[in-house]
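K.L.:
Only the shape, not the letters, is given here:
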């Protein structure tokens, strides 16, 4: 890869993280255990924010995945098991994200009457998958890839593995909580710092 492509991939990661952070800030999410009437009121109040948040939460992860793929290719491990598992894990994570986003939009529909409540419950269910398999399936193999390359300092690889394991543990610990505590879903944001730091460092190293 040329420095221009490296720089493009790093910038993609930076923009992706920024979009993701904005999406979480403009779309506060409905109150936990909301009634049908509360959901209708929430949808009316935050209609535009939810849709813009859904768009940002779709494109942001896509750009981050572009960066993740570039890390594998830059490492020369695109044909290794760890490299292929990064591709597979990214597909799983993106699928989970798209399902959640789809039902964020579904909550906005007023008909059928209980459709929004069903959509909200599916959002709660899908959020479990992020911790159970989504994050671990991407971060653990990506960390293994980075440990065997000089693209980033080795501790980035170890940190990625640690993040994947930590999220997997949370997935087990809170498996029987149908609605994840707010602090658990919020702590998922730590991965954004990893993506941002690694993206910035890749860009700096092309200078």
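P.N.:
That came through, no problem. Nothing here was measured: the structure is a model prediction, and the numbers come from that model.
K.L.:
and after the lengthiest helix in the chain, which helix or strand comes next?
P.N.:
When the chain is parsed with DSSP state H, its longest helix is helix 47-75. Next along the chain after helix 47-75, taking DSSP states H and E as the criterion, comes helix 81-106.
K.L.:
tell me the angle of that next one relative to helix 47-75?
P.N.:
Per axes from the mean of the first three to the mean of the last three C-alpha atoms, to 10 degrees, the angle that helix 81-106 makes with helix 47-75 is 170 degrees.
K.L.:
circling back to that earlier point, could you give the average pLDDT over the longest helix of the chain?
P.N.:
The pLDDT scores in helix 47-75 average 93.
K.L.:
do stretch 200-207 as well
P.N.:
Per-region confidence: stretch 200-207 scores 88 on mean pLDDT.
K.L.:
What are the buried residues along that stretch?
P.N.:
By neighbour count on 16 or more other C-beta atoms under 10 Å, the buried set for stretch 200-207 is 202-203, 206. From N, CA and C alone the C-beta is placed, and that goes for glycine too.
K.L.:
how about the helices in this structure?
P.N.:
Going by DSSP H, the chain shows helices at 3-26, 36-45, 47-75, 81-106, 115-129, 135-147, 154-173, 182-187, 190-204.
K.L.:
Can you say which of those helices is packed in most?
P.N.:
Highest mean neighbour count of the helices of the chain: helix 135-147, a mean of 24 (counted as mean count of other C-beta atoms under 10 Å).
K.L.:
Could you tell me the least trusted of the helices of the chain?
P.N.:
helix 36-45 (a mean of 82).
K.L.:
Which strands or helices does that helix pack on?
P.N.:
Packing contacts for helix 36-45, counted by 3 or more C-beta pairs under 8 Å, 6 or more residues apart in numbering; DSSP states H and E, involve helix 115-129.
K.L.:
Give me the contact list for the helix it packs on.
P.N.:
30, 34, 36, 39-40, 43, 96, 99-100, 103-104, 106-110, 171, 174-175, 178-180, 185 (C-beta atoms under 8 Å, 6 or more residues apart in numbering).
K.L.:
Now the residue at the greatest distance from the centre of the chain: closest residue in space that isn't a chain neighbour?
P.N.:
Going by C-alpha atoms, centre = their mean, the residue of the chain most distant from its centre is residue 113, 30.4 Å out. Among residues not flanking residue 113 along the chain, residue 36 sits closest, at 6.9 Å (C-beta to C-beta, 6 or more residues apart in numbering).
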